[in-house]
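In: starting from these lines, generate the structure:
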Amino acid sequence: MFSGFTSYMSNLVAGNELARVQKELEEQRKGNYAISYEVQDLNFDHLRRKRAFVQGVNIQLEEEKNKEELIAFDNLPDILPLVPKGNMAEMNYEELMRTTASEAEIAEATANGTPGDKMFDYNSEDTASRNSLLDRFELIRKRQVLLSGADALPVAVIFNGYVSGAAKGEEVQSLLYGRNIQNELIVCEQDLDPFTKTLELEIDNYSALIAVGGDGTFNQMINGMLARPDKKRLPVGLVPTGQSNDMARSLGITLESAVSAIENIAKGEAIGIDTTRVLIDRSSESGLATDTERLSQCRHMLSNASLSMPARIANGANTWKGCFGSSAFGLSTFLQGVSCGFVEDCYQLSIDDKPYSQGGVNTTLMQVSNGKYSNGGMIMNPFAAINDGLIDICWISDPSW
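Out: Presented below is the predicted three-dimensional model:
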């Protein structure tokens, strides 16, 4: 996945420490994996919010100040820029971010009335402690993809003209050509064309797949690739022109113009992101259809899957999108409310093959999240990350919320 991760905290490390860490990170280069994150991208708010929590950790927001802190997460893409080293990846957040103080220092602090066994506070620790914490992590690696030059294959542009408009296809092609990236525009004219055209594509003739459209276009393209009988895969990119654009937000891609998205793609740097397989009334992938019927049997979720209230809102919004665009979600919410459509449903929920509750979960909203955004930019789960290897589940237990 070609991402648009942007630095949001430029003052994390500076001076001699900046030079030291930068040199260390440069030495981590291996093979065709190129590290292009700057040290300023080391953002510990990502870890505090999106750390891959181990099973059984519940996140509770009991203080108003914690709720206020979540507001700032709106400006952070859903990508973990760094990961714990080695065996530290198995630690939960509390263990990983515990203070770097020695046992003697902890004992002394405790004797003086200060909790010594505490969480690490990057802003208040000294330089030595900061360095010790940084040594627990390494930057995620980006794979370099050959997109330009004489030896590069063209990229396949899966273009949804209904969402984007014909002129957008010409603009995207021109921007790609301007960066010496050969491309072929594959126009989608019917509802499931992004899926079928990717499924049937002569994939060996291309270096990457780029979706020009909204979340639906991107999702269908990914599902078409993952449904291929030959199991062949390509790096994928996104130029967001839809109404929701939740995946673009998760990836940190600017929505205002195609230029920013194309610039990200032109770097030719790909990172891995997660998908969540959803089987529909099936227990395995055995015997799945190989055409569009497959979408009614198995899908790969990229952003989120909603049940109850969000699903009813999204289903209703589909009727009005052509006239009202993204405002269709607000209209659908209003219509569901006045028609008393927000009622509780009961779900039997199992996590890692263990029932969560014997009596089921009664809720007006349940969401399985890969990223934090839903329905055009609403933050449904601020702790979700699209590259942490986990899915996040949230629901409302109080129907009066």
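In: what helix or strand is residue 368 on?
Out: strand 365-369 (DSSP states H and E).
In: adjacent strands (with direction) for that strand?
Out: When pairs are called by DSSP bridges, strand 365-369 turns out to pair with strand 304-308 (antiparallel), strand 392-395 (antiparallel).
In: residues in contact with that strand?
Out: 276, 301, 303-310, 345, 347, 374, 380-381, 384, 391-396 (CB atoms under 8 Å, 6 or more residues apart in numbering). All C-beta atoms are positioned from the backbone trio N, CA, C, and that covers glycine.
In: of those residues, keep whichever come out buried.
Out: 276, 301, 303-310, 374, 380-381, 384, 391-392, 394-396 (16 or more other CB atoms under 10 Å).
In: sorry, back to before: immediately after the strand holding residue 368, which helix or strand?
Out: That would be, after strand 365-369 and using DSSP H and E, strand 373-374.
In: can you pull the contacts of residue 353?
Out: Applying CB under 8 Å, 6+ apart, no residues qualify as near residue 353.
In: find the nearest non-adjacent residue to residue 161, please.
Out: Closest residue to residue 161 apart from its sequence neighbours, by CB to CB, 6 or more residues apart in numbering: residue 187 at 5.8 Å.
In: make that residue 194, sorry
Out: residue 220 (3.7 Å).
In: what helix or strand is that neighbour on?
Out: helix 215-226.
In: partner strands of whatever helix or strand comes next after that helix, parallel or antiparallel?
Out: Sequence-wise, the next helix or strand downstream of helix 215-226 (DSSP H and E) is strand 236-240. If you go by DSSP bridges, strand 236-240 pairs up with strand 209-213 (parallel).
In: the strand it pairs with vs helix 215-226, what angle?
Out: Between the axes of strand 209-213 and helix 215-226, defined by axes from the mean of the first three to the mean of the last three CA atoms, to 10 degrees, the angle is 160 degrees.
In: ramachandran coordinates for the nearest residue to residue 276 once chain neighbours are set aside?
Out: Spatial nearest neighbour of residue 276, chain neighbours left out: residue 301 (4.3 Å); criterion: CB to CB, 6+ apart. Main-chain dihedrals, residue 301, degrees, to the nearest 10: phi -90, psi 140.
In: wait, residue 301 touches residue 274, no?
Out: No - contact criterion CB atoms under 8 Å: residue 301 and residue 274 do not qualify, at 9.3 Å.
In: what sits in contact with each of those two?
Out: residue 370.
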